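**Student:** just need the structure, nothing else, for what follows:
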Amino acid sequence: MAFKKFYLVIFFFTLLIATPSLADSAEPPAFAINGKSVPPVVAIVNGVNLPAQFLENQIATFRMQHKQQGLPVNPADEEAFARSALNRMIDQEVLYQQRKELQLRADPEKVNKEIERIASEFPSKELFLNALSVQRLDMDMLKNSIAKKFIDDEFLRKKIAPTVKVSKDAVSRYYNSHLTQFEKPERFTIKHIYVAALATPPHSLKDASPATRKRAEKLQKMIHEDAKKIIDEVHIELKTGGSFEALAKKYSEDTNSKDKGGLLGDVVPGTVFPEMAAWLPRLKVGETSDPIKTPLGYHIMKLEALVPKETVPLKDVESDILNHLLKQKLEKARDAQLDIMKQSAKIQQFF
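**Tutor:** Numbering: from 1, shown residues only. Here you go, the predicted structure:
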C-alpha cells in the first residue's frame, strides 16, 4: 500500500465535480487561458460549432495533472497545450463529417459502453449527471464527443496504420544515436520496515468543531507515539542481532513488501521520500538505517545491494523503440492526410 500513487483517472470533465456550486450559478465563470478569454464557440467547421466546454475540460485536466505532480502551470505552456487540443478537436470534426466517404463508423453499442464505463467511476448516476451539468454538457454532446474519438481511432487503425512501416535498421539507428536515454543510473536495492502514522489531511478538519478537532489531534498524537514506540523497539532488536527479514514480516505495515522480508527492489534517490533518499549514500551493503520519519510514518531501511550504472541492451528496448517510431510515423502520416482534407473544409477559429 505504501509508495503507490493512486490517481483516479476519470473522464476529462470530472475535475470540477468537487465544486457543485457552479451548477447553481446563473452564468458560468469566465474562462481564460494565458490571460485570453475563451469564447463560447472556439471554432466552426463547415458550419458546425465546436463549443468551448470540451476545450475547457481538457485544460482543467492539464491543470489537475500539474497539481498532482506538484508542478506549477506555465501560462505559455498551457496556451500551447490548448491550441494543440483545439487543433485535435478540429481534426476530429473534419474526420467525423467525412466518416461516410472514408467508410468509418463509430459503433453505437461501443459508445454506450464507454459512457457506462465513465459513469461507473462516479459514486452514483446522480453525481455523474451533475458533473455533466456543471460542465454545461448533456448526454448527446458526450456521445458525440466519444463517437468522434472512435472515428479518429478507426481512421488511424484502418487508413493510416497499414501504410506505415519501421525497419529494424531504423530501430538500431535510433538506439545508437540516443544511448543516453537507455542508461540506468546507479540503483540501490533496499528493504524496509514500515510503521504507518499518516498525517490528517488539513481539509478534513476545516469545517469541524473545536471539540472534534481536539479529539482528532489527540488521536493523531496517539497514533504517532505508538508508531514511534514500535519502530524504536524494532531498531533495538536489529541492533542486538535481530533478523531484518523476520522483523519486517512481523512488524511492517507495507503489505506489498513485508512477506518478502521488506524488499522494495531497486530505487534511485528521486523515487523515495527525501528523508529516505538522504540515507542511501550513507549505507554500506548489509547496513541498516536509524528510524526515518516521512509523511507516511516511520521506516528503517536496509541496503541489500548497490547496482552500478549500466546501458540497457538493444534487445531489451527494441519493442519500445519500434512502438515509439511507429507512433511518430503514424501521427505524421495522419496529420498529412488531415491537412489535405482540411484544405477543402471551411474552418474558422476564434481562439
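**Student:** OK, contacts around residue 314?
**Tutor:** Contacts for residue 314 (Cβ atoms under 8 Å, 6 or more residues apart in numbering) come out as 171, 172, 175. C-beta: built from backbone N, CA, C; applies to glycine.
**Student:** now it: how far from residue 167?
**Tutor:** Using Cβ to Cβ, to the nearest Å, residue 314 is found at 14 Å from residue 167.
**Student:** one more: residue 140?
**Tutor:** In terms of Cβ to Cβ, residue 140 sits 46 Å off from residue 167.
**Student:** helices of the stretch 201-350 of the chain, start to end?
**Tutor:** 210-239, 244-251, 274-277, 314-343 (DSSP state H, counting those that start in this stretch).
**Student:** and these: which comes nearest residue 135?
**Tutor:** Closest to residue 135 of the helices of the stretch 201-350 of the chain, according to Cβ to Cβ: helix 314-343, at 27.0 Å.
**Student:** quick one: mean pLDDT over the closest one.
**Tutor:** Average pLDDT, helix 314-343: 96.
**Student:** list the buried residues in it.
**Tutor:** For helix 314-343, burial by neighbour count (16 or more other Cβ atoms under 10 Å) applies to 317, 321, 322, 325, 329, 330, 333, 334, 337, 338.
**Student:** same thing with stretch 179-199?
**Tutor:** 182, 187, 188, 189, 190, 191, 192, 193, 194, 195, 197.
**Student:** for the spatially closest residue to residue 269 that is not a sequence neighbour, report the pLDDT, please.
**Tutor:** Spatial nearest neighbour of residue 269, excluding adjacent residues (Cβ to Cβ, 6 or more residues apart in numbering): residue 277 at 3.8 Å. We have a pLDDT of 94 for residue 277.
**Student:** neighbours of residue 277, how many?
**Tutor:** A count of nearby residues for residue 277, using other Cβ atoms under 10 Å, gives 15.
**Student:** state the distance from it to residue 78.
**Tutor:** Looking at residue 277 against residue 78, where the rule is Cβ to Cβ, the gap reads 31 Å.
**Student:** do residue 323 as well
**Tutor:** 28 Å.
**Student:** make CSV from the buried residues of stretch 179-199 and add secondary structure, distance to residue 125 and pLDDT to it.
**Tutor:** Below are the buried residues of stretch 179-199 laid out as CSV (DSSP: H, G, I helix; E, B strand; the rest coil; distance: Cβ to Cβ, whole Å; pLDDT from 0 to 100):
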residue, secondary structure, distance to residue 125, pLDDT
182, helix, 48, 95
187, strand, 47, 94
188, strand, 48, 97
189, strand, 48, 97
190, strand, 46, 97
191, strand, 46, 97
192, strand, 43, 96
193, strand, 44, 97
194, strand, 39, 96
195, strand, 41, 95
197, coil, 38, 88
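**Student:** nearest to residue 307, of those residues?
**Tutor:** Nearest member of those to residue 307, counting by Cβ to Cβ, is residue 187, at 4.2 Å.
**Student:** contacts only, for the closest one.
**Tutor:** With Cβ under 8 Å, 6+ apart, residue 187 has these contacts: 266, 267, 268, 306, 307.
**Student:** what pLDDT does residue 235 get?
**Tutor:** 97.
**Student:** next one: phi and psi at the residue nearest to it when sequence neighbours are not counted?
**Tutor:** Closest residue to residue 235 apart from its sequence neighbours, by Cβ to Cβ, 6+ apart: residue 291 at 5.5 Å. Residue 291 adopts backbone torsions of phi -60, psi 140, taken as degrees, to the nearest 10.
**Student:** next one: residue 291 relative to residue 195, how far apart?
**Tutor:** 9 Å.
**Student:** repeat that for residue 140.
**Tutor:** Taken as Cβ to Cβ, the span from residue 140 to residue 195 is 53 Å.
**Student:** do the same with residue 41
**Tutor:** In terms of Cβ to Cβ, residue 41 sits 56 Å off from residue 195.
**Student:** likewise residue 325?
**Tutor:** Taking Cβ to Cβ, one finds residue 325 at 47 Å from residue 195.
**Student:** domain map for the protein?
**Tutor:** Annotated domains of the chain cover 14-175+318-349, 186-200+216-308 [automatic domain parsing].
**Student:** just those: most buried one?
**Tutor:** Ranked by mean neighbour count, the domains of the chain are led by domain 186-200+216-308 with a mean of 17 (mean count of other Cβ atoms under 10 Å).
**Student:** next, the distance between the ends of that domain.
**Tutor:** Start-to-end span of domain 186-200+216-308 (Cα to Cα, to the nearest Å) is 5 Å.
**Student:** what does stretch 161-178 give?
**Tutor:** 25 Å.
**Student:** all strands of this structure, in order?
**Tutor:** 32-33, 36-37, 41-45, 48-51, 183-184, 187-196, 263-267, 292-294, 297-307, 310-311, 347-349 (DSSP state E).
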